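In: quick check, what structure comes out for this input:
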Amino acid sequence: MRLINRRPGRLTATALGILPFIILLLIYGAASQQRLAENPNDKLLPGLEQMTAAVDRMAFQEDRRSGDYLMWVDTLASLERLGMGVGVAALMALVVGLANGILPLVRANLAPLVSALSMVPPLAILPILFIVFGLGELSKVMLIVIGTAPIMMRDVAQRVSELPGEQLIKIQTLGANSWQVVTRMALPQVLPRLIDAVRLSLGPAWLFLIAAEAIASTEGLGYRIFLVRRYLAMDVILPYVIWITVLAIVIDQCLRLANRRLFPWYNVGGH
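Out: Sure, this is the predicted structure:
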């Protein structure tokens with residue numbers, strides 16, 4: 001039997017998916033144990049006990065100076081910025097993407113601009129955002145919007161242009177005007193694809209968020225990581241990185257589940 005035709009069962013697939021994580025943990029555990037054996041005060045590869053103590057201190061003990069539970073305050077601040085930035089970007093992508101995809105006059109006018117904006121490195125304009133919008137929340141949200149919206153706009157427009165031409169002809173034959181074509185034909189078919197676009201944009205959105213928080217912020221997951229790095233506090237940095245990864249996975253899976261529940265017809269083909 002050819003290798004390309006061999007498909008693992010559910011249990012085997014789960015085991016194969018977990019295996020790389022187990023290998024990485026074993027490698028890290030062995031390296032950490034070796035370094036700590038040579039130097040118990042080593043900070044580069046902290047052991048499980050050190051990281052557990054750091055998580056307990058950051059998440060379950062009040063900060064002596066502020067009285068806050070820092071890990072939860074940081075998490076809430078970052079999620080608020082991420083949600084606002086990605087939400088605004090998704091709304092812009094839906095409106096502009098639909099218009100670019102279905103209205104030739106709009107496409108001729110806006111498509112070149114969207115393409116050009118999607119090529120601009122967002123981190124390169126971060127200083128400009130701080131100058132224009134200040135060091136507050138708006139500049140951080142705008143970085144996420146500028147970094148993710150153009151890509152999602154292009155994706156939505158491409159999806160609209162891929163809709164069968166027969167549908168467009170039939171709905172116009174039935175007397176639909178331009179607004180009805182957009183709202184009754186294009187919009188329902190584009191919404192699940194927009195959710196996919198948001199899922200693909202979450203990685204860059206986290207990157208832009210952490211970069212902005214590291215430069216100008218007083219709270220947030222990125223801020224905390226870059227604050228404690230001066231003390232080489234890897235026992236805090238590594239759990240924070242793991243926590244960010246867990247949050248990203250949970251958000252992605254929630255969007256995936258919402259897509260499957262809201263648009264079951266879209267997922268029949270294996271999307």
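In: quick one: secondary structure of Pro40?
Out: The local conformation at Pro40, judged by DSSP: H, G, I helix; E, B strand; the rest coil, is coil.
In: tell me how many other residues surround it.
Out: By the measure other Cβ atoms under 10 Å, the count of residues near Pro40 is 8. Backbone N, C-alpha and C define where each C-beta goes, glycine included.
In: state the helix or strand in which the spatially most central residue of the chain lies.
Out: Centroid check for the chain by Cα atoms, centre = their mean gives Leu202 as the closest residue, at 1.4 Å. Under the criterion DSSP states H and E, the helix or strand holding Leu202 is helix 187-215.
In: ok, Pro112 next?
Out: With secondary structure defined by DSSP H and E, Pro112 is part of helix 104-118.
In: buried stuff in that helix?
Out: Of the residues in helix 104-118, those with enough neighbours to count as buried (16 or more other Cβ atoms under 10 Å) are Arg107, Leu110, Ala111, Val114, Ser118.
In: so what touches it?
Out: Contacts to helix 104-118, defined as Cβ atoms under 8 Å, 6 or more residues apart in numbering, come from residues Val96, Ala99, Asn100, Gly101, Ile146, Pro150, Ile151, Met153, Arg154, Ala157.
In: at 10 Å what do you get?
Out: Residues outside helix 104-118 that contact it (Cβ atoms under 10 Å, 6 or more residues apart in numbering): 93, 96-101, 103, 146-155, 157, 160-161.
In: buried ones among those?
Out: Judged by 16+ other Cβ under 10 Å, buried ones among those: 93, 96-101, 103, 146-155, 157, 160.
In: so where is the stretch 151-271 of the chain shaky, pLDDT-wise?
Out: For the stretch 151-271 of the chain, the stretches with pLDDT under 70 are 268-271.
In: show me where it has its helices.
Out: According to DSSP state H, counting those that start in this stretch, the stretch 151-271 of the chain carries its helices in the segments 165-173, 178-180, 187-215, 221-228, 234-262, 264-267.
In: what's the angle between the first one and helix 187-215?
Out: Orientation of helix 165-173 against helix 187-215 (axes from the mean of the first three to the mean of the last three Cα atoms, to 10 degrees) gives an angle of 120 degrees.
In: contacts only, for Ala211.
Out: Contact criterion Cβ under 10 Å, 6+ apart gives Pro122, Leu123, Leu126, Lys140, Leu143, Gly147, Gly222, Phe226 as the residues in contact with Ala211.
In: restricted to helices, list those residues.
Out: The helices, defined by DSSP state H, take in Leu126, Lys140, Leu143, Gly147, Gly222, Phe226 from these.
In: just among these, which is most surrounded?
Out: Lys140 (31 neighbours).
In: of the contacts of Ala211, just say which sits nearest to Leu255.
Out: Top of the list for closeness to Leu255, among the contacts of Ala211 and by Cβ to Cβ, is Gly147 at 18.1 Å.
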